[in-house]
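Asker: I'd like to go over a predicted model; first the sequence, then the structure.
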Amino acid sequence: MMGTRVFKTANLHGYSLQFSPFHADRLVCAASQHFGLSGQGAIFNVAVTSTGQIELLNKLVWDDALYDVAWSENDPNILVSASGDGSVQLWNAGQSIPLMVYKEHSKEVYGVDWNKTRLEQQFITASWDCTIKLWDPTRPQSLATFAGHSGIVYSAVWSPLIPRSFASVSGDGGLFIWNAAVPQSPTMKIGAHQAEVLSCDWCKYQEQILVTAASDGLVRGWDLRKFNAPIFEQIGCQMAVRRVQFSPHQTSVLAAVSYDFSTRIWDFKNCAEPIETINQHTEFVYGLDFNLHVPGQIADCGWDSLMCVYTPETLSKQIVLDRPQKLFLQK
């Protein structure tokens, strides 16, 4: 690994992190006391300095566990977080009190994602109450509720290329595709795993390709044009795969973090085995993100209270492709 920087989340256990879509050196990490089972949560707003250190800019504290965090795609100072008390918080990164708190979910909110096409200022939340909700940050009530999963919804993620479309995954083993304008039912249902599906992501270069990760330790790719069987299956994780993400810089590269304490990199056009396995955590690894502005750089975080920013050796050697224009509209 190249230039690993480490930041300690001070007795709070990392659940999620995200690089800023506006600034290459900024990221936030959502972490919780007592492994997220009880106690407070906090968002660590940090910057990677020119000397290679990770500097804490400020810390945003909430009275319950925080499980996920996402930056606004419209304002470089705004972010949203998901909490164990069923609420969702809208923050200004420089202020200690939320700008708004949304309270509609009846159980834990486990995932949040801001619409990356920037065509509309909206975000979605995924909850243990088996629903997904669509929000406009300027309104106190949700715009729509999407019900269809029969199990906990662990994650819902906007498509970066198909307007108003998002995917969700659940404890029912399903991968559902939704049109935000039609909350009554999903446009597509895929039986992705015979296990709880914990994470999904869209390919940044091929709009019909998605990836799922599950408690069975498998990472599977799906083509929405022929979804009767996965188009690839990546192996290597010894326990549940908590989060998976496609690279924004290479078409076929993806990364995942697992309860087996590892972060793994695959090239699904190369082989089913990882091209690199990183073992730098001593507990479950929960958070993962690619830096849009620094090719090959990723960050991960885990229950060992460590957040790491680094470039895996294999990614430092990858050829960087041109970014799709649709992904990076003018701010």
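Answerer: Received the coordinates, thanks. Numbering: from 1, shown residues only.
Asker: shaky segments in the protein?
Answerer: Within the chain, the stretches with pLDDT under 70 are 1-2, 118-119, 318-331.
Asker: And the helices in it?
Answerer: With helices called from DSSP state H, the chain shows them at 313-316.
Asker: Now do residue 103: how many residues are near it, please.
Answerer: Residue 103: 12 surrounding residues under other CB atoms under 10 Å. Quick note: C-beta positions are derived from backbone N, CA and C, even for glycine.
Asker: in the sheet, who's paired with it?
Answerer: residue 87 (DSSP bridges).
Asker: Quickly note the distance from it to residue 236.
Answerer: For residue 103, the distance to residue 236 equals 40 Å [CB to CB, to the nearest Å].
Asker: Equivalent analysis for residue 253, please.
Answerer: 15 Å.
Asker: The two: which is more packed in?
Answerer: Legend: neighbour count by other CB under 10 Å for residue 253 and residue 236, higher for residue 253 (24 against 20).
Asker: ok, that one touching residue 264?
Answerer: No: using CB atoms under 8 Å, residue 253 is not in contact with residue 264, being 11.4 Å away.
Asker: Look up phi and psi at the most far-flung residue of the chain relative to its centre.
Answerer: Distance to the chain centre peaks in the chain at residue 51, reaching 27.7 Å (criterion: CA atoms, centre = their mean). Main-chain dihedrals, residue 51, degrees, to the nearest 10: phi -90, psi 0.
Asker: likewise residue 150?
Answerer: The phi and psi values for residue 150, taken as degrees, to the nearest 10, are phi -100, psi 0.
Asker: unless I'm mixing things up, it is touching residue 172, no?
Answerer: Yes: using CB under 8 Å, residue 150 is in contact with residue 172, at 4.5 Å.
Asker: Can you pick out the residue with more neighbours from these two?
Answerer: Ranked by neighbour count (other CB under 10 Å), residue 150 and residue 172 place residue 172 first, with 19 against 11.
Asker: what sits against the more buried one?
Answerer: Contact analysis of residue 172 by CB atoms under 8 Å, 6 or more residues apart in numbering lists 149, 150, 151.
Asker: which residues touch the first one?
Answerer: By that I understand residue 149. If you count contacts by CB under 8 Å, 6+ apart, then residue 149 has 130, 131, 168, 170, 171, 172, 174, 176 around it.
Asker: wait, which of these is closest to residue 283?
Answerer: Of all the contacts of residue 149, residue 171 has the smallest distance to residue 283: 22.4 Å, by CB to CB.
Asker: surely the closest one meets residue 151?
Answerer: Yes: proximity of residue 171 to residue 151 meets the contact threshold set by CB under 8 Å, at 3.2 Å.
Asker: can you list residues touching both of those two?
Answerer: Common contacts of residue 171 and residue 151 (CB under 8 Å, 6+ apart): residue 196.
Asker: Just want to know which of these two has more residues nearby.
Answerer: residue 171 (19 against 15).
Asker: show me where the stretch 1-150 of the chain has strands.
Answerer: For the stretch 1-150 of the chain, strands defined by DSSP state E, counting those that start in this stretch occupy the ranges 2-8, 13-19, 26-32, 41-48, 54-62, 66-71, 78-83, 87-92, 100-103, 109-114, 123-127, 131-135, 144-147.
Asker: which other helices and strands contact the longest one?
Answerer: Using 3 or more CB pairs under 8 Å, 6 or more residues apart in numbering; DSSP states H and E as the contact test, the elements touching strand 54-62 are strand 2-8, strand 41-48, strand 78-83.
Asker: repeat for the second one
Answerer: Contacting strand 13-19 under the criterion 3+ CB pairs under 8 Å, 6+ apart are the following elements: strand 26-32, strand 66-71, strand 285-290, strand 298-302, strand 306-311.
Asker: What pairs with that strand, parallel or antiparallel?
Answerer: Here strand 13-19 has these sheet partners by DSSP bridges: strand 26-32 (antiparallel).
Asker: chain center to the partner strand, what's the gap?
Answerer: In this view, strand 26-32 has its centroid 12 Å away from the chain centroid, taken as CA atoms, centre = their mean, to the nearest Å.
Asker: Then stretch 57-70?
Answerer: 15 Å.
Asker: tell me which residues in it are buried?
Answerer: Under the neighbour-count criterion of 16 or more other CB atoms under 10 Å, stretch 57-70 has 60, 62, 64, 65, 66, 67, 68, 69, 70 buried.
Asker: Same check on stretch 263-281?
Answerer: By neighbour count with 16+ other CB under 10 Å, stretch 263-281 contains the buried residues 263, 264, 265, 266, 267, 268, 274, 275, 278, 280, 281.
Asker: If anything else comes up later, I'll come back, but that's it for now.
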